[in-house]
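Trainee: below is the structure, and that's it, no one-letter string:
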């Protein structure tokens, strides 16, 4: 991989991590059409995912700082909105932790090909339409821990390349009665521990394996993912205030159909 390819893939990750169109799926497609060996790029994938994680930390720095403070309150038995949100994030993270520890290699090996990615993109597009329809009929409702668990299960499904993590959790939020912007905010906060944990585990695997790492492409990809991720999360939060997920459903259906046609 040269530095320009690393920049392109980092930008692709940064944009698609937050837009509900599957960052992992687009990385697989991007690596395939650039003629790169997908299986040899898992370390690079971790680097660009950490770049988008940094974008989450910077954009949601106030909320994350409040959650860190809530850890102390939780230990003291105090309850407020920040402590409740921390509880919801802990509950929602449990399914992803389980799947990451026991199912990730199986899922990655089974679905990490462009045919599976394109198919799952089209399936997710259908759920976007259903989620918007469901929300219009039922409207918003109070957030509870069972709803946080449902969103966490949706995040677990996003281990499949082609299933957007942000998209699956946002549409799950619509199904349980959250408004789009609220669902997006919870989605990104919920994703922080999952992305961090996945990056840490992959980093340890690489360290133990002793595989040679070309740091220059990883650094370029990391920086590119961070910059484009900041722009992407800012744009999506603005967009969801007044727009639905239908445009993303149309995009996923179109690109999934195009890839299957090719």
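Mentor: Here it is on my side, so go on. Since the structure is predicted, the reported quantities are computational estimates derived from the model, not experimental observations. Numbers count the residues shown, from 1 in each chain.

Trainee: run the chain-centre distance for the longest helix anywhere in the chain.
Mentor: Ranked by residue count, the top helix of the chain under DSSP state H comes out as helix 180-209. Offset of helix 180-209 from its chain centre (C-alpha atoms, centre = their mean, to the nearest Å): 8 Å.

Trainee: check stretch 29-38 too.
Mentor: Chain-centre distance of stretch 29-38: 20 Å, with C-alpha atoms, centre = their mean.

Trainee: could you point out which element follows the longest helix of the chain?
Mentor: The element immediately downstream of helix 180-209 (helix or strand, assigned by DSSP states H and E) is helix 215-239.

Trainee: for that following helix, packing partners?
Mentor: Counting contacts by 3 or more C-beta pairs under 8 Å, 6 or more residues apart in numbering; DSSP states H and E, helix 215-239 packs against helix 3-18, helix 42-59, helix 180-209. All C-beta spots, glycine's among them, are computed from the backbone N, C-alpha and C.

Trainee: center of this protein - which residue?
Mentor: residue 165 (3.5 Å; C-alpha atoms, centre = their mean).

Trainee: and the closest residue to that residue other than its chain neighbours, what does it touch?
Mentor: Of all residues not flanking residue 165 in the chain, residue 158 sits nearest, at 3.8 Å (C-beta to C-beta, 6 or more residues apart in numbering). By C-beta atoms under 8 Å, 6 or more residues apart in numbering, the contact list for residue 158 reads 22, 24, 164, 165, 167, 168, 169.

Trainee: how near is residue 158 to residue 5?
Mentor: 25 Å (C-beta to C-beta, to the nearest Å).

Trainee: one step back: is it true that the residue nearest to the centre of the chain touches residue 190?
Mentor: No - the pair residue 165 / residue 190 is not scored as a contact, 9.1 Å apart, by C-beta atoms under 8 Å.

Trainee: and the two most separated of the contacts of residue 158?
Mentor: Pairwise distances among these were taken by C-beta to C-beta; the largest, 14.1 Å, belongs to 24 and 169.
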